[in-house]
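1. Here is the input, now give the coordinates:
(chains A, B, C and D, ligands or ions: 2)
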Amino acid sequence: MLSRWLHLEQPIVELEEKIDELKRFAASENLDFSAKINRLEEHKCDVMRRIFADLSPWDRVQMARHPKRPYSLDYIGALCSDWVELHGDRAFGDDGAIVAGFARLNGRSVAVIGNQKGRDTKERQIRNFGQPSPEGLRKAGRVMEMAARFGRPIISLVDTPGAACSPAAEERGISEAIAHSQMLMSRLKVPIIVVIIGEGCSGGAIATALGDRVLMLEHAYYSVISPEACASILFRDPAKAPETSQQLKITADDALRLGVIEEIIPEPLGGAHRDLKAMSVALGAAIEKHVSALETLSPEELLEGRYQRFRKLGDLDDPQATTAHLNGAPV
Amino acid sequence: MLSRWLHLEQPIVELEEKIDELKRFAASENLDFSAKINRLEEHKCDVMRRIFADLSPWDRVQMARHPKRPYSLDYIGALCSDWVELHGDRAFGDDGAIVAGFARLNGRSVAVIGNQKGRDTKERQIRNFGQPSPEGLRKAGRVMEMAARFGRPIISLVDTPGAACSPAAEERGISEAIAHSQMLMSRLKVPIIVVIIGEGCSGGAIATALGDRVLMLEHAYYSVISPEACASILFRDPAKAPETSQQLKITADDALRLGVIEEIIPEPLGGAHRDLKAMSVALGAAIEKHVSALETLSPEELLEGRYQRFRKLGDLDDPQATTAHLNGAPV
Amino acid sequence: MSPEAAPVAARLEEIPANLVTKCPSCNTMLVTKDWLRDLKTCARCSHHFRLGARERIAILTENFEEWDAELAPHDPLQFPDYLPKRSAAQIKTGAKDSMLSGAATLDGRPIAIAASDFGFMGGSMGSVFGEKITRLFERALDEKRPVLTATSTGGARMQEGLMSLMQMAKTSAAVGRLREEKLPFISILTDPSMAGVQASFASLGDVLVAEPGAMIGFTGARVIEQNLRIKLPKDFQSAEFQMAHGQIDMIVPRAKLKESLAQLLSLLLD
Amino acid sequence: MSPEAAPVAARLEEIPANLVTKCPSCNTMLVTKDWLRDLKTCARCSHHFRLGARERIAILTENFEEWDAELAPHDPLQFPDYLPKRSAAQIKTGAKDSMLSGAATLDGRPIAIAASDFGFMGGSMGSVFGEKITRLFERALDEKRPVLTATSTGGARMQEGLMSLMQMAKTSAAVGRLREEKLPFISILTDPSMAGVQASFASLGDVLVAEPGAMIGFTGARVIEQNLRIKLPKDFQSAEFQMAHGQIDMIVPRAKLKESLAQLLSLLLD
Ligand SMILES: [Zn+2]
Ligand SMILES: [Zn+2]
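-> Ligands and ions are numbered 1, 2, ... in the order given. Below is the predicted model:
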C-alpha cells in the first residue's frame, strides 16, 4: 500500500491488487478466471459506491488533496487544444504556483488561469504547493485584462491550500495582490467561470474566484481557512481538524446550500483521479453550458449580475428587509 | 575655493569673498567702504553677465549638475503649499529617486512627480543620484493615474542622469517601466506639464517627459545619452565629453530649435542656485500659463494634441510629404 | 501633538478608576488624563494604543450619524461556541457586531466613514461587517461622499465560514464601483490590519495611511515562523516595514491624522 | 526543426562562397546548406545567429509588401562621422535605414510587421526607424491588422541626439493608441534587444516572445560592470534570465516561431 493512496481507498486498492494478481496468474498459467475476476470487479464497485456514498467532510479534504488528484494543467491538457501559457508579471518574477494563458475549449478561445500544484518534490517547490505569490496573481491579472480586451471568456481553476506564506510574499504585498485581483475580476467585461477543482482555501482561493458562476467538483472543498489552522486557532489543537472540517461547512453540498456556488460537478466513482477523461468531459460540458448562457448578456448585464451575485452573499438579520435572511437558509 | 562651486564660477566666488571680507572689515573697524563695495558688486555683475553670456554646452552640463542646484523638492517647497508625498509602488518598494504626490500650486491642486537627487552622501545613496528604478516609475504611474481620475493636472520635474544602472533594475524590468510610463502618460486625460529642471538624460528622463508642454530651465540639458557615455562609445575616450556635449546639441536653445521643447525658462543671473526664490517664481508662472491654456481643452483635444506633439518629432526625408522636414530645421 | 486634537480627547472612553495607565511598550506609567489628551498614545515612546470604533470615529470626525445600526449577526454554520463568544463581545462593547459605519463631517466636509472594533472578536469580518462596508461604499456613491475606513482587525471571522470569505469578494467589488467615480477612498490602517480584511477593501484605498507601529499584513508573523521554522525580525509587518516595501503611502501619528486626511481630501476634491 | 520551415530557408541570404559556417558559440563547423535549412541556427548547440530584417520577415510571413520604403534619414545634428558611417551601412545592406516594415500575411492572416536590421548601425533607432514604427501602428489601426515587430538593436541612435530620444515617446504613444482597439501587438525580441528600443514600444507588446539566448535589457552588461565594478553572470539579460524574472512571456526556438505566432494570433482574434 503506497502513500499515494488515501486510507479510505485501502479496501479498493486491496481489491485491485487482488484482481491484478489473479489476472497475472491466469495469464501465466493460461487459465480462465474470468468469472471470479468479474465477481471481484463487481465487488470492488460495490465497495467504492459504499465508501463514496458516505464521505465525511474530512474525507473530502483528503480527496481534494489527493496526491493523484488532477491539477489545473491536467485539465487544460485534457480539455483544451492550442494551450499557450504566458509568463511573468513584467515586474518581478514568474510564479509557478499560477498558470495563465490562452487555449481553445470546445472550439472557443478562452483565457485560463489556474492554481498549479507540483506532482513530485522538485515540482512542488517550483509550484510552491499551489500557493500563489503576489507576482502570480499579478500575472493572472495581466492575462485576464488581456482576455477582457480581446473579448475572451475567462476560466479560473481554483486549487490552493492558501496564498504563499512567507516573508517574501508579505514584502511584495500579498494582501494587495489578493485584494486587487478580486476588484479587477469584478470589473472585467467578459464571462468568468470559476471552478473549485480541489482545495479552495482562504484568501489565496477567493483571489481568483470572483466570477459570474462558481462551480465545484464533487470532492473539492471551499473554506475560509484550513481545518487544521482553524482547529489550532480556535481549539488550540490541530488534531481536531477532522471535526473542525465538519463544523466549517466546506463541502460542495454545504457551499451549494449556502448559495456560494451555482453547481456541483459530479466526479467519476472513486474521484477525479480515477478517470481524468470522464472528469474532463463533465467539466468541459459544465463550463460550456455556463459560458454559452453568459455570452448572451451585454457587458453591463454581465457586470451587474456578477456584482449582485456576491452582493447578496451574507447571512444576517436585517429588520428593514422583507426577509430576515439575505440569502440562503442557515445550515 | 570649495568643490561646491564650479570652475567657471571661480571669478565670481573670488569677488564675493573679497566683498564679504571688505564688509566684515568695514563692520569690525566701523569704516565706510560702501562706494568700494558697490563698485565691486557692479564688477561682479559684469563678470557674471560675461561668464553666463557665453556658456559652452559643457558648462551647461556642469550647471545642470551643480551641487547647489535646486532639486525637485526644493521647487516643490518653494512653489507649493499642502505638499502630500505618496509612497511606494504597492508591489516591491519605495524609490527615493522619484518623489510623487499632490500639492497646491497657485491655489490649484496638482499632482507633482519629480526625479530627486540627494544633497549629501547619505541622501545621494537613498536617492540613487536621481536615477529612477522600476518601482519609482511605477509609483509615479500610480499617482499620475490617480491624478487623472480626480482631474488634477500633472507637473513632472525631470532631473536625472539616467535610469538606475544595476542588475536589480534590470531584473525588475527597468525597460518595461520606462516604456510603460511613456505609454501611460500618452493616455492620461489631464494636462501634463514637463519641466527639465537640471539633467534630462536618456531613457530615465523621457520616461516621465511625455507631456502636453515640455519646458526647460535655461541651464538644464536634455540628451539621448550623457556626453561622457557618448564620447566613450563613439570616440572611445570619455575625456572628449566636452566636445561631444557640443556635438549632441543638448542645450535648451538646441532643444527649442529642434522643436523638442516649447519654452525656455530663464534662470536668475548666475543660475537657479543663486536665487531659488526668483527661479521658483519664474517656474511657477510658466507652469501656470501653460496649465491655464490647457485647461480650456476637452480631454479628447488634449490627448490628440499630446499625441501629435510627439508624432511630428523626427527629422527625415519624406519624398511624399509637402515639405522635406517633418519638423524643425536641421541645426 | 497638535493643539486642535485636545478637545476631542473628551470623546475618548474615560477609565475613571485608574489615574495612571501603563504603556505596554516602554512600561512608563502615564497619567491617564494626559494619556487621553494624547489620544491614547504614549508621551514617552509614542506607542499608539488601540482605539475602539466609536473612539476612532470620534477623534477623526464631527456630526457622526450611524448607518445600518440595526443589522445583527446570524450563525450561518451553527458553529461551536460562536453564539456565547459573540454575546460576550456584544455585552462588552454594547455593539451588535465589530463594524461601525455612518455619515459624518471632517473639517466640515461630508464623508462616509467606517471603523472596525478590535475589541469585538478581534474586529473580525463576518456577514454584518461585510454588509455594512458594502453599504458604506454604495451609499457614498449615491450621496457623492468620499470614503474613509479605519481597520483594526485580525481578518475574516472563521465562525461564519464561507459567508465570511465571501465578504472579501463583496467588499472588493464595492470598491471597484467607487473607483469609477471621482470619489476618493482613503484606507486608514491601524493596529492590527491583517488577513482577510487587509486582503480585500482595506488594501484598495487610493491612499493607504497607517498609524506608527501598526502591524499590517496577510499571514501573521507567528504562523509564518511556525510554518517555515524561521525567526522574523521584531519590526516585521510594522507600518514602517510596509512603508519600506512600497505597500503604504504614509505613516501619520494619531495627533496629525485628522489634519492629514483633511488635507488629502482637499487635494483630491477641491 | 519543423518540416514546414525548410522551404523558407530559400529566402535566407545565401553565402555561396562558404560551404561551411562556424558556430561562434560551440565552434562547430556547420555545413552552410544545413545551417540555412535550420534557419541560421546551430544544429549542435542551437545557437541562434542574427538575421537581417528581410530574412526575419521572410521566415515569418508571406506576401510581404514594404511600407514607407521611400523614407530616408537626415543628419539633424550634423554629427561627426554620421554620414559616412550611414552611407557605408546603406551600401552594405542596400537599405536606407535600419527599419523594414510593411504588410504581409502569416498563415493567410493579414498582419503588419516590422523588423530592425542589426547590420545597419546596430539596428539603432533614429527618426526613420521611429517614423516607420509609428506609421506601422497607425496603419495597422486603420486597416485592422495585428502588429508584429521583431527587434534586433542596440537602442537609440546617438548621432540623431534628441530626435532619436523622441522616437521612444512617439512609438510608445503609438502603441497606446493600438491598445484601445482589439488588435494584438506581439513583440518578438531577438538578439540583442536593448536600451531605447527595449525601453519603448518593444516592451509594450501584449505578448513578448523571445528567441533562445537573445540578450534583452536596458543598460548593457559591460556598462553596468564598469559602473559598479562588479562581474555579472554570463546569462545576465539572456532571454532565459528575463523569463525567470517575469519580464517575457515565452521563449520560442526559431523553427517554431511562425507556428507560435500564428497560434497566438488565432487565440486572440478568432
Ligand atoms: Zn511608551
Ligand atoms: Zn553551436
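2. Give me every residue in the stretch 151-300 of chain A that's in contact range of chain D.
-> A:151-152 (C-beta under 8 Å from any C-beta of the partner chain). For glycine as for every other residue, the C-beta is placed from the backbone atoms N, C-alpha and C.
3. quick one, helices of the stretch 151-300 of chain A?
-> A:167-171, A:174-185, A:202-206, A:227-234, A:241-247, A:252-257, A:276-294, A:299-311 (DSSP state H, counting those that start in this stretch).
4. same deal with chain C?
-> Ranges of helices in chain C, per DSSP state H, are C:5-8, C:32-37, C:53-60, C:82-93, C:127-143, C:161-178, C:195-198, C:221-228, C:239-244, C:254-269.
5. Quick check: which of the helices of the stretch 151-300 of chain A is buried the most?
-> Ranked by mean neighbour count, the helices of the stretch 151-300 of chain A are led by helix A:202-206 with a mean of 30 (mean count of other C-beta atoms under 10 Å in any protein chain shown).
6. Which of the helices of the stretch 151-300 of chain A sits closest to A:L55?
-> Proximity to A:L55 (C-beta to C-beta) singles out helix A:252-257 among those, at 10.4 Å.
7. Measure how far that closest one is from the centre of its chain, please.
-> With C-alpha atoms, centre = their mean, to the nearest Å as the basis, helix A:252-257 stands 14 Å off its chain's centre.
8. and what of stretch C:116-134?
-> 10 Å.
9. How about it, which residues are buried there?
-> C:116-134 (16 or more other C-beta atoms under 10 Å in any protein chain shown).
10. returning to what we had before: and A:E228, which of the helices of chain C is closest to it?
-> helix C:221-228 (11.1 Å).
11. quick one: average pLDDT of stretch A:313-320?
-> In this model, stretch A:313-320 has a mean pLDDT of 94.
12. Name the residues of that stretch that are buried.
-> A:313-318.
13. rewinding a little: next, format the helices of the stretch 151-300 of chain A as JSON lines and append distance to D:S101.
-> Shown next, in JSON lines, are the helices of the stretch 151-300 of chain A (distance: least, C-beta to C-beta, whole Å):
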{"stretch": "helix A:167-171", "distance to D:S101": "43"}
{"stretch": "helix A:174-185", "distance to D:S101": "35"}
{"stretch": "helix A:202-206", "distance to D:S101": "45"}
{"stretch": "helix A:227-234", "distance to D:S101": "57"}
{"stretch": "helix A:241-247", "distance to D:S101": "61"}
{"stretch": "helix A:252-257", "distance to D:S101": "54"}
{"stretch": "helix A:276-294", "distance to D:S101": "38"}
{"stretch": "helix A:299-311", "distance to D:S101": "35"}
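14. Also compute the angle for the helix or strand containing A:I76 relative to helix A:276-294, please.
-> Here A:I76, judged by DSSP states H and E, is contained in helix A:72-79. Calculated by axes from the mean of the first three to the mean of the last three C-alpha atoms, to 10 degrees, helix A:72-79 forms an angle of 80 degrees with helix A:276-294.
15. Could you tell me the average pLDDT over helix A:72-79, please?
-> Across helix A:72-79, pLDDT averages out at 98.
16. Contacts made by that helix with the rest, please.
-> A:70, A:83, A:99, A:103, A:105, A:112, A:114-116, A:157, A:159, A:197, A:276-277, A:279-280, A:283-284 (C-beta atoms under 8 Å, 6 or more residues apart in numbering or on different chains).
17. again, 6 Å this time
-> Among residues not part of helix A:72-79, those counted as contacts by C-beta atoms under 6 Å, 6 or more residues apart in numbering or on different chains are A:83, A:99, A:105, A:112, A:114, A:116, A:157, A:276, A:280, A:284.
18. That helix: what's the following helix or strand?
-> strand A:80-86.
19. ok, back up a step: export the buried residues of stretch A:313-320 as TSV, with columns for distance to D:V31 and secondary structure.
-> Formatted as TSV, these follow (distance: C-beta to C-beta, whole Å; DSSP: H, G, I helix; E, B strand; the rest coil):
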residue	distance to D:V31	secondary structure
A:L313	68	coil
A:G314	72	coil
A:D315	75	coil
A:L316	77	strand
A:D317	83	strand
A:D318	81	coil
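20. Where does pLDDT dip in the chain?
-> Assuming you mean chain A. For chain A, the stretches with pLDDT under 70 are A:1-2, A:322-331.
21. you looked at the wrong chain, it should be chain C
-> C:1-17.
22. make it 80
-> Within chain C, the segments meeting pLDDT under 80 span C:1-18.
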